[in-house]
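Peer 1: Next input, structure requested:
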Amino acid sequence: MVQEFSIRSSYLSRRLRLTTLIRLRWLAVAGQSIAVLFVALYLKFPFPVSICFALIACSAWLNLLLSFRYPINHRLEPRAAITVLAFDILQVAGLLYMTGGLQNPFAVLMIVPVIISATSLPASSTVTLGVLVTVCATALAYFHLPLPWYPDQTLQLPFVLIAGVWCSVVSALVFTAVYAYRVAEEARLLADALTATELILQREQHLSALDGLAAAAAHELGTPLATIALVAKEMQRALAQDDRFAEDIELLRSQTDRCREILKRLTSLSSESEEHMSRLKISSLIEEVIEPNRNFGIGIEVTKLRGEGNEPVIRRNPGIIYGLGNLVENAVDFARETIQVSWGWTDKTVQIVVADDGKGFPADILDRIGEPYTTGRDRESNEHGGGLGLGLFIAKTLLERSGAAITFRNRNDPGQGAEVVVTWPRNQLDEQNG
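Peer 2: This is a model prediction of the structure:
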């Protein structure tokens with residue numbers, strides 16, 4: 001379910017919102033118009049004003065066309081978005097051609113559509129637009145009309161300076177595009193992971209609430225069932241002398257009594273479950289977590305480390321159960337033969353350690369484990385195919401919500417496996433339980 005959600009979410013996030021593009025283009029139209037008017041009317045530099053305004057009008061016309069053709073919340077497919085952004089690049093390149101090429105200080109604005117693409121479109125689309133900008137910048141270095149300047153003067157910049165401007169445009173293009181893509185990608189993955197976390201937590205809470213739902217249903221059914229029993233009793237009294245209905249009425253009363261007994265038992269089970277199953281000892285929690293992972297050919301050793309005073313009793317928390325279960329599942333995925341689940345407590349802390357005898361965490365990703373889609377351990381050689389991405393991020397998030405501190409580390413001997421240490425403050429668990 002989480003994987004399907006992530007695919008759908010990633011697909012939608014890779015489509016550019018049309019309303020965003022339209023607003024940015026109106027801003028560009030306004031800025032270009034102001035710049036042209038300022039140079040033409042205030043500075044009075046000679047240049048082809050009418051052609052420049054024709055290019056600006058094309059951009060405004062495209063905005064109007066898109067506004068009337070599509071609803072405001074429409075998202076452009078990557079191919080359509082590339083076409084629209086490519087038009088913006090060519091439109092800016094046309095204005096630059098009319099106003100000095102790379103000698104124009106606004107030449108750097110050609111990279112804006114590429115930055116927009118980097119935040120919203122696939123990497124291949126951004127690369128395509130980046131190549132288009134590079135081609136346009138190269139052409140503008142050689143082919144362009146003179147830079148608008150005072151009528152009685154001619155400004156001719158040396159080609160070395162123009163080459164430097166070309167390098168700065170391309171460098172800014174690469175740096176800003178890569179940076180924008182990475183920031184947008186991390187934000188996208190984090191949003192997907194957090195939403196998936198909420199979905200899983202809601203599912204676990206829904207399963208935990210079934211007992212309460214059963215009790216409520218039993219209570220609601222009790223009143224109509226009592227009415228049926230009363231009517232059956234009155235019918236038996238009124239038709240006691242009629243042999244035609246005696247057997248049916250007796251059957252009706254017996255089945256009514258049976259239903260009442262079932263509802264009574266259901267209510268009793270729900271009450272017992274609410275009282276006894278809503279709280280559990282740490283040892284019971286460990287058994288519940290490791291039980292689904294016992295049939296994968298990997299041995300599971302459970303060890304009690306230490307204990308001061310009575311064993312902690314905690315409130316059943318779907319987030320804790322799912323989070324610890326995911327840690328155990330990952331350990332089973334990467335273990336060679338055995339995993340160890342150790343647990344213990346003091347008067348200040350409660351600690352659970354999950355360790356495996358696999359290859360351990362690579363040193364270069366050890367500090368980033370738990371981030372969404374950080375995958376660092378080799379999965380080719382293990383048959384279970386577990387990962388260290390979204391699932392581990394969700395587990396870490398759920399456990400931290402319960403107040404736990406999580407430490408990922410390798411065991412003392414290099415290459416002898418990994419350890420995950422989960423530690424809760426004892427008083428915080430006691431408060432949740434109370």
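Peer 1: all strands of the stretch 51-200 of the chain, in order?
Peer 2: In the stretch 51-200 of the chain, strands defined by DSSP state E, counting those that start in this stretch lie at 75-76, listed in chain order.
Peer 1: which regions of this structure sit below the pLDDT cut-off?
Peer 2: Along the chain, the parts satisfying pLDDT under 70 run over 1-15, 193, 196-197, 200-220, 240-242, 265-278, 372-390, 413-415, 430-434.
Peer 1: which stretches of the stretch 201-350 of the chain form helices?
Peer 2: 210-238, 243-272, 282-290, 318-334 (DSSP state H, counting those that start in this stretch).
Peer 1: So which of those has the densest surroundings on average?
Peer 2: Sort the helices of the stretch 201-350 of the chain by mean neighbour count, taking mean count of other C-beta atoms under 10 Å, and helix 318-334 sits at the top with a mean of 23. All C-beta spots, glycine's among them, are computed from the backbone N, C-alpha and C.
Peer 1: Which elements pack onto that one?
Peer 2: In terms of contacts (3 or more C-beta pairs under 8 Å, 6 or more residues apart in numbering; DSSP states H and E), helix 318-334 is packed against helix 159-208, helix 282-290, strand 338-345, strand 349-356, helix 390-401, strand 418-425.
Peer 1: Show me how far stretch 78-89 is from its chain's centre.
Peer 2: 27 Å (C-alpha atoms, centre = their mean, to the nearest Å).
Peer 1: Buried residues in it, which are they?
Peer 2: 78, 80-82, 84-86, 88-89 (16 or more other C-beta atoms under 10 Å).
Peer 1: what comes into contact with it?
Peer 2: Identification of contacts with stretch 78-89 by C-beta atoms under 8 Å, 6 or more residues apart in numbering yields 14-16, 21, 25, 28, 59, 62, 66, 76, 110, 112-114, 116-117, 120-122, 125, 128-129, 132-133, 136.
Peer 1: Can you flag which of these belong to helices?
Peer 2: Secondary structure from DSSP state H places 21, 25, 28, 59, 62, 66, 112-114, 116-117, 120, 125, 128-129, 132-133, 136 of the contacts of stretch 78-89 in helices.
Peer 1: And residue 28, how close does it get to residue 304?
Peer 2: To residue 304, residue 28 is 67 Å away according to C-beta to C-beta, to the nearest Å.
Peer 1: ok, the nearest residue to residue 70 once chain neighbours are set aside - how many residues close by?
Peer 2: Once flanking residues are discounted, residue 70 sits nearest to residue 18: 5.6 Å by C-beta to C-beta, 6 or more residues apart in numbering. Residues within reach of residue 18, counting by other C-beta atoms under 10 Å, total 21.
Peer 1: so what's residue 18 up against?
Peer 2: 66, 70, 72-76.
Peer 1: Out of these, the closest to residue 393 would be?
Peer 2: Nearest to residue 393 among those: residue 75, at 26.3 Å, using C-beta to C-beta.
Peer 1: what bridges to the closest one?
Peer 2: Beta-bridge partners recorded for residue 75 (DSSP bridges): residue 17.
Peer 1: In PyMOL, select just the buried ones from the contacts of residue 18.
Peer 2: This is the PyMOL syntax for the buried subset of those, where burial follows 16+ other C-beta under 10 Å:
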select buried, resi 66+75+76
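Peer 1: Would you mind measuring from the residue nearest to residue 70 to residue 322?
Peer 2: Distance from residue 18 to residue 322, counting by C-beta to C-beta: 39 Å.
Peer 1: For residue 28 and residue 304, work out which one has more neighbours and name it.
Peer 2: Comparing residue 28 with residue 304 by other C-beta under 10 Å, the one with more neighbours is residue 28, at 20 against 13.
Peer 1: which of the ones in helices among the contacts of stretch 78-89 are buried?
Peer 2: Neighbour counting by 16+ other C-beta under 10 Å classes 21, 25, 28, 59, 62, 66, 112-114, 116-117, 120, 125, 128-129, 132-133, 136 among those as buried.
Peer 1: and residue 366, which of the helices and strands packed on helix 318-334 is closest to it?
Peer 2: Comparing the helices and strands packed on helix 318-334 by C-beta to C-beta, strand 418-425 comes nearest, at 9.1 Å.
Peer 1: Excluding its own residues, what touches that closest one? List them.
Peer 2: Contacts of strand 418-425 (C-beta under 8 Å, 6+ apart): 323-324, 327, 331, 334, 348-356, 358, 360-361, 377, 399, 402-411.
Peer 1: where's it relative to the chain centroid, distance-wise?
Peer 2: 24 Å.
Peer 1: returning to what we had before: out of the helices of the stretch 201-350 of the chain, which gets nearest to residue 182?
Peer 2: That would be helix 318-334 among those, by C-beta to C-beta, at 26.0 Å.
Peer 1: got the angle between that closest one and strand 418-425?
Peer 2: 160 degrees (axes from the mean of the first three to the mean of the last three C-alpha atoms, to 10 degrees).
Peer 1: rewinding a little: please tabulate the contacts of residue 18 in JSON lines and include distance to residue 365 as additional columns.
Peer 2: What follows is the contacts of residue 18, written out as JSON lines (distance: C-beta to C-beta, whole Å):
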{"residue": "66", "distance to residue 365": "43"}
{"residue": "70", "distance to residue 365": "43"}
{"residue": "72", "distance to residue 365": "42"}
{"residue": "73", "distance to residue 365": "39"}
{"residue": "74", "distance to residue 365": "39"}
{"residue": "75", "distance to residue 365": "34"}
{"residue": "76", "distance to residue 365": "35"}
